[in-house]
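S.K.: need a structure here:
(one chain, ligands or ions: 1)
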Amino acid sequence: METKGSLENHISALDIGNSLCIQMTLNTAIELDVLNIIAKSGPGAHLSSKEIVSQIPTTNPISAAKNLERILNLLSVNSFLSISLRPATANDKTVQEKAYGLTKNALCLAPKYQGVKHVKGDMFKSIPKTQSIMLKEVLHNWDDEHCKKILRKCWEALPNTGKVIVVEYVIMPQELKNTPEIVHSLTVDIMMMTLYNGGKQRTTDDFDNLAKSVGFIETKIFPITHVTCVIEFLKRNMV
Ligand SMILES: C[S@@+](CC[C@H](N)C(=O)[O-])C[C@H]1O[C@@H](n2cnc3c(N)ncnc32)[C@H](O)[C@@H]1O
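M.R.: Next comes the predicted model:
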């Protein structure tokens, strides 16, 4: 017979495998602008899934609200949202519906930082003109051809003195040891292989080759930890 402890261990082991769903759910909520829709309704506001869906373009609001409710429930039990119950209609106070508000955890995700302007767009089509461009854990989602397209768009957006700043886990093939960071990096490599067509973790040489192939002159590598690097692609040599 399972004791309470062993059931908890069993569920927690299953949850490690399913933790990707939490990330995907949070990403979906951010991309659908759900957190901002709640934030814009005022401090402490709680909205039902139907009210949120009414502010998202959709051709199928009824099933969208049902699916969104499932997303909101998972975010609630992971402390990103709080739930309050309220009457679903003014006439019948016995039927209750859930309304969702932002917790402190979610407030830090709602993009309202002073001096930061959010610009919608597709990095394969155009990137706003700027002095430097940071790509953190973006290139590893894409195969080499897509990475070159992104880097070409960066090139077009930068002045001659500009740079791309990449932050990624890098693979050091000569140092495949059983350290937590290397295990993590290789695990992410398999995730990239299975989730993204051609996505992968790269070596520093791989990054350098990508950058040089689209015209960047110099690659600078700054190791932050054993596998995490900040990598700069310079448009022209800085003397
Ligand atoms: C792995 S996430 C990294 C996000 C963030 N830089 C970080 O480190 O948490 C990849 C990001 O690329 C964005 N993305 C995917 N395709 C895109 C596109 N065509 N144009 C602009 N951004 C895109 C996704 O929305 C997602 O936020």
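
S.K.: Return the lowest-mean-pLDDT helix or strand in the chain as CSV; C-alpha atoms alone will do.
M.R.: When each helix and strand of the chain is scored by mean pLDDT, DSSP states H and E, helix 104-107 comes last, with a mean of 75. Taking Å, rounded to 0.1, in the frame of the first residue of the first chain, the C-alpha atoms of helix 104-107 are listed here in CSV:
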residue,chain,number,x,y,z
LYS,A,104,3.3,39.3,-7.0
ASN,A,105,5.0,36.6,-9.1
ALA,A,106,3.0,37.5,-12.1
LEU,A,107,3.3,41.3,-11.6
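
S.K.: Next, the residue nearest to residue 150 when sequence neighbours are not counted: secondary structure please.
M.R.: Residue nearest to residue 150 in three dimensions, not counting chain neighbours: residue 123, with 5.4 Å by CB to CB, 6 or more residues apart in numbering. The C-beta positions use only the backbone N, C-alpha and C, and glycine is treated the same way. Remark: residue 123 carries the secondary structure label coil [criterion: DSSP: H, G, I helix; E, B strand; the rest coil].

S.K.: and the helix or strand that comes right after the least confident helix or strand of the chain, what's its mean pLDDT?
M.R.: Downstream of helix 104-107, the first helix or strand assigned by DSSP states H and E is strand 132-136. Taken as a whole, strand 132-136 has an average pLDDT of 97.

S.K.: And stretch 53-69, by the same measure?
M.R.: Rounded mean pLDDT across stretch 53-69 is 95.

S.K.: how about it: buried residues?
M.R.: 53, 64-65, 68-69 (16 or more other CB atoms under 10 Å).

S.K.: Pull out the CA atoms of it and give them to me as PDB.
M.R.: Output of stretch 53-69 as PDB, limited to C-alpha atoms (Å, rounded to 0.1, in the frame of the first residue of the first chain):
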ATOM      1  CA  VAL A  53     -11.100  36.200 -23.900                       C
ATOM      2  CA  SER A  54     -13.400  39.200 -24.900                       C
ATOM      3  CA  GLN A  55     -10.100  41.200 -25.200                       C
ATOM      4  CA  ILE A  56      -8.300  38.600 -27.300                       C
ATOM      5  CA  PRO A  57      -9.000  38.400 -31.000                       C
ATOM      6  CA  THR A  58     -10.600  34.900 -31.600                       C
ATOM      7  CA  THR A  59     -13.200  33.400 -33.900                       C
ATOM      8  CA  ASN A  60     -14.300  30.900 -31.200                       C
ATOM      9  CA  PRO A  61     -14.800  32.700 -27.900                       C
ATOM     10  CA  ILE A  62     -16.700  29.900 -26.100                       C
ATOM     11  CA  SER A  63     -14.000  27.100 -26.600                       C
ATOM     12  CA  ALA A  64     -11.300  29.700 -26.200                       C
ATOM     13  CA  ALA A  65     -12.600  30.700 -22.800                       C
ATOM     14  CA  LYS A  66     -12.800  27.000 -21.700                       C
ATOM     15  CA  ASN A  67      -9.200  26.400 -22.800                       C
ATOM     16  CA  LEU A  68      -8.000  29.600 -21.300                       C
ATOM     17  CA  GLU A  69      -9.700  28.500 -18.000                       C
END
